[in-house]
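Chemist: Output the structure for:
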Amino acid sequence: MEALAHPRQRRKQARPAELTAAALELFVEKGFAATRLDDVAARAGVSKGTLYLYFDGKDALFKAVIQEGIVPILEAGAGLVDTFEGGSAELLRTLIREWWQRIGSSALGGVPKLMISEARNFPELAAYYNEAVITRGRELMRRVLRRGIERGEFRAVDVETAIDVIFAPVLMLLIWRYSLGACGCGGHDPESYLDTHLDIALRGLATGEAT
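Modeler: Numbers count the residues shown, from 1 in each chain. Next up, the predicted model:
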C-alpha cells in the first residue's frame, strides 16, 4: 500500500540501480569510450538531466557499477573464507564456482574484457578497477592457498604465481564468451570447462596424501 501511495518516490529510489544496470549493458556492448551518457539515460528510460542528479559523469557511473555489482560479491567471498569449515580444495572450488555464477555468467562477466581493452586509454579507471576488484580478488585466492599450505592440504607453491595460473583459464573463458564466442565461433560449455580446470589445478596443488 505504501508503494502504491508514493509511486514517484519509489521510482526515484529505483533510478540509480536502473542507471547502473543500463550503463553496464552499454559498457559491455559498446565499450567505455563509445558509450554516451545520453545512451545510458535512454536505455534506463530517464532524461540525461535525471542521470546527473545521481552521477556527475561517466567515470562515476562506471565506479558505481563496480561498487554495486562486483564489490559486494568479493566481500561475500571474504566472509566465506572467514567461516568455511571444510577442506581448502573444496573452498577453492566453491569460490571459483560462486564467482562464475554471480559474475562470470551474468552481465558483469563482460567487465574484465572491457578493462583489458580500455585500460590503456583510461588509466585512472584501470587503477580504480585494480584496487577495487583485482587486489581484493587476489587476496581471497592468497588466503585460500596459504590456508591449504598451512594445513598440509596443498604443496608449498609460489602463491603469487599460483594465483595467476589458477585464475587465468577462468579469465580466458570470459574473454572468449565476450569476443569470438559472441560471434558464434563456438567455445566451451562453462560447467565442463570449470570442472576440467579445477580437477587439473587441484591435483597439481595437492600433496601426495591429499591426492
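
Chemist: quick one, what contacts the residue most central in space within the chain?
Modeler: Averaging the C-alpha coordinates of the chain gives a centre point, and the residue nearest to it by CA atoms, centre = their mean is I103 (4.6 Å). Taking CB atoms under 8 Å, 6 or more residues apart in numbering, we find I103 in contact with 70, 73, 109, 111. Every C-beta, even on glycine, is put in place using the N, C-alpha and C of the backbone.

Chemist: swap in I73?
Modeler: I73 makes contacts with 98-99, 102-103, as judged by CB under 8 Å, 6+ apart.

Chemist: low pLDDT regions in the protein?
Modeler: Low-confidence regions of the chain, defined here as pLDDT under 70, cover residues 1-14, 180-186, 209-211.

Chemist: Okay, domains of it per the record?
Modeler: In terms of domains, the chain is parsed into 2-62, 70-205 (source: automatic domain parsing).

Chemist: circling back: from the contacts of I73, which is closest to L61?
Modeler: Here the nearest of the contacts of I73 to L61, counting by CB to CB, is I103; it sits at 18.8 Å.

Chemist: how close does that closest one sit to G187?
Modeler: Counting by CB to CB, to the nearest Å, the gap between I103 and G187 amounts to 18 Å.

Chemist: Kindly report the same for P112.
Modeler: 16 Å.

Chemist: What of T196?
Modeler: T196 sits 14 Å away from G187 when distances are taken as CB to CB.

Chemist: again with A89
Modeler: Distance from A89 to G187, counting by CB to CB: 27 Å.

Chemist: what's the answer for L114, then?
Modeler: In terms of CB to CB, L114 sits 19 Å off from G187.

Chemist: Which one's more surrounded, these two?
Modeler: L114 (22 against 14; other CB atoms under 10 Å).

Chemist: before we move on, what SS does the more buried one have?
Modeler: For L114, the assignment made with DSSP: H, G, I helix; E, B strand; the rest coil gives helix.

Chemist: Please look at it and V28 and confirm they touch.
Modeler: Yes. Under the contact definition of CB atoms under 8 Å, L114 touches V28, with a separation of 6.2 Å.

Chemist: C-terminal to the host helix or strand of L174, what's the next element?
Modeler: Following DSSP states H and E, one finds L174 within helix 159-177. From helix 159-177 onward toward the C-terminus, using DSSP H and E, the following helix or strand is helix 190-205.
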